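Student: have a look; sequence and predicted model below, questions after that.
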Amino acid sequence: MKISVVTAVMNGRATLPAMLDSLSGQGHTDVEHIVQDGGSVDGTLAYLQGHGHRNMVLESCPDTGIYDAINHGIRRTTGDVIGLLHADDQLVDADVLAWVADALADPAIDGVYGDLEYVARADPGRVIRHWKAGAYSTALLRRGWMPPHPTLYLRREVFIRAGLYDTSFRIAGDYDGMLRFLTRGQVRLAYIPKVMVRMKMGGVSNKSFAHMIRKSREDYRAIRRHGVGGFGTLVAKNLSKLPQFLGTS
């Protein structure tokens, strides 16, 4: 099973080594790494050309934002299964992609996801938030549930059936996309009850109060658009994160 891993990057030179090491060390080797660069000027391209994954396919061109870049990358994939690996994230175990391939060996499954840890940007060994996703059911969408997006791997057919990411969203396009995959796309998900990805805190959604407000507005737009709830769903979505900081979820 060929797995396409898409990385959209813009000036990510500092975090590339750890990300690339985690990908190159995977035991599952039928992998292509699709890198979509938005025009980096910090040495990202030179580092990728010298140290990139053995099956890397690199393109650098302007984009209109993160979701436009991801869409560009997905369009260039050739694998059976597609997942994302951001420039400052890491796969936590050498068998993560093998877990994905094993789960998707079942033809009744369209996608898989697992758990995620947020770590301190200055100290990646310090876990700040542990996101234990749990098993999916449709009823959970009304309570603001979503799978951790960086752990989600989907068959190519899902994107053909349900479309790519909506570039009118600037921060919550991943939530909008996943709701669309799960509602219109009728995706059948399997849960891998293991931490798959470590993500550094300080991403675009939580880097300022203004971004957090904008994210909530976009979340609410996605909730209403896909008919999974209303304002209560947005509140439940935000409150569900609290136990993750306390290590109880």
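Tutor: Good, I have the coordinates.

Student: give me the distance between the residue minimising distance to the centre of the chain and Gly39.
Tutor: Nearest to the mean C-alpha position of the chain, by Cα atoms, centre = their mean, lies Pro150 at 2.4 Å. Pro150 sits 23 Å away from Gly39, going by Cβ to Cβ, to the nearest Å. Backbone N, C-alpha and C define where each C-beta goes, glycine included.

Student: coming back round to it: and for the residue nearest to the centre of the chain, nearest residue in space, chain neighbours not counted?
Tutor: Distance criterion Cβ to Cβ, 6 or more residues apart in numbering; nearest residue to Pro150, sequence neighbours excluded, is Val197 at 4.6 Å.

Student: so the one you found is in contact with Tyr118, correct?
Tutor: No. Counting by Cβ atoms under 8 Å, Val197 does not reach Tyr118; the two are 9.8 Å apart.

Student: buried set for the helix or strand bottoming out on mean pLDDT in the chain?
Tutor: Ranked by mean pLDDT, DSSP states H and E, the weakest helix or strand in the chain is helix 242-246, scoring a mean of 78. Residues of helix 242-246 classed as buried by neighbour count (16 or more other Cβ atoms under 10 Å): Gln244.

Student: on contacts alone, who are the packing partners of it?
Tutor: Helix 242-246 sits against strand 127-131, with contacts defined as 3 or more Cβ pairs under 8 Å, 6 or more residues apart in numbering; DSSP states H and E.

Student: who touches the strand it packs on?
Tutor: 115-120, 148, 195, 201, 241, 244-245, 247, 249 (Cβ atoms under 8 Å, 6 or more residues apart in numbering).
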